[in-house]
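> Here is the input, now give the coordinates:
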Amino acid sequence: MKWGLLGGTFDPIHLGHLRGAEEMLDMFNLDRIIFMPSSRPPHKPEEKVISFAHRELMIRLAIEDNIKFSFSEVEQLREGKSYSVETVEYLLHQHVNDLELYFIVGQDAFQAVTTWKDWERLLLLCNFAVMTRPGYDDLRLDAILPENFATQFAYDQKIDGFTGPTGHTIYFRHISFLDISSSRIRQMVKEGKSIKYLTTDKVRQYIIENALYKD
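All right, here's what the predicted structure looks like:
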């Protein structure tokens, strides 16, 4: 099995998330993409993130028409902060020997990967598929990771990726750039502006019906 794991707060999920996931699905010939929202994201104060229940329902509404998109509540079921390394270890443990996992992440987030818990171990556990955009053309690992760690990865021209000592690869892939952010959507809702065409109609309607992101 080849699965893509797309984490984040998804507060709310939007078309940029969905389009990026669709392109990763095609590029790596994945069997599915798992949308896995953080329950208690360590980099964001909990009071600034809407409830997991609302985020879960919006994700389910957004992906229900795509049979290769699925939802996971793993990080909600686990106590404490939501750490990516623990989530990846859990999935690999559940599917020993029959899962090839691609951790999908945006370029901005990957730039800060060294601030993540046990990031060295995480980068050796699975493949990383980094979604890049215009302006990120000089993609060198040693510009992101400490040199002594980056040198463990060798560039493989055939697959256009950096393969490490465990056989897992870090890929940088350009995707269609949709200049949409969850924070901007929240601000627009707060200001009473339309968010049509920024997220799906079902998610937009859910936000309206539940008066989300209002003071």
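> Okay, now the unreliable bits of this structure?
Scanning the chain with the threshold set as pLDDT under 70 gives 40-47, 77-80, 82, 135-138.
> Am I right that residue 117 is in a helix?
No: according to DSSP: H, G, I helix; E, B strand; the rest coil, residue 117 belongs to no helix; its state is coil.
> for residue 166, what are its contacts?
Neighbour list for residue 166: 124, 125 [criterion: CB atoms under 8 Å, 6 or more residues apart in numbering]. Any C-beta I mention is one placed from the backbone N, CA and C, and that applies to glycine too.
> Secondary structure class of it, three-state.
Going by three-state DSSP: residue 166 is coil.
> Next: residue 188.
Assignment for residue 188 (three-state DSSP): helix.
> That one - nearest residue in space that isn't next to it in sequence?
residue 195 (5.4 Å; CB to CB, 6 or more residues apart in numbering).
> Report how many residues lie close to that neighbour.
Look at residue 195: counted by other CB atoms under 10 Å, it has 20 neighbours.
> hang on, isn't it packed against residue 182?
No: if you go by CB atoms under 8 Å, residue 195 and residue 182 don't touch, sitting 10.7 Å apart.
> sorry, back to before: now the residue nearest to residue 188. Its backbone dihedrals?
When read as degrees, to the nearest 10, the backbone of residue 195 gives phi -110, psi 20.
> go on, residue 129?
Torsion angles, degrees, to the nearest 10, at residue 129: phi -110, psi 110.
> residues contacting it?
4, 24, 27, 28, 102, 103, 104, 105, 171, 173.
> Of those, which belong to helices?
Among those, DSSP state H puts 24, 27 in helices.
> now, which of the contacts of residue 129 lie within strands?
Counting by DSSP state E, the part of the contacts of residue 129 found in strands is 4, 102, 103, 104, 105, 171, 173.
> Show me the beta-bridge partners of the fourth one.
Taking DSSP bridges, one obtains residue 6, residue 129 as the residues bridged to residue 104.
> these two touch, right, it and residue 35?
No: under the criterion of CB under 8 Å, residue 104 makes no contact with residue 35, lying 10.0 Å away.
> Looking at these two, which is more packed in?
Shown here are residue 104 and residue 35; by other CB under 10 Å, residue 104 has more neighbours (29 against 25).
> and the gap between that one and residue 168?
14 Å (CB to CB, to the nearest Å).
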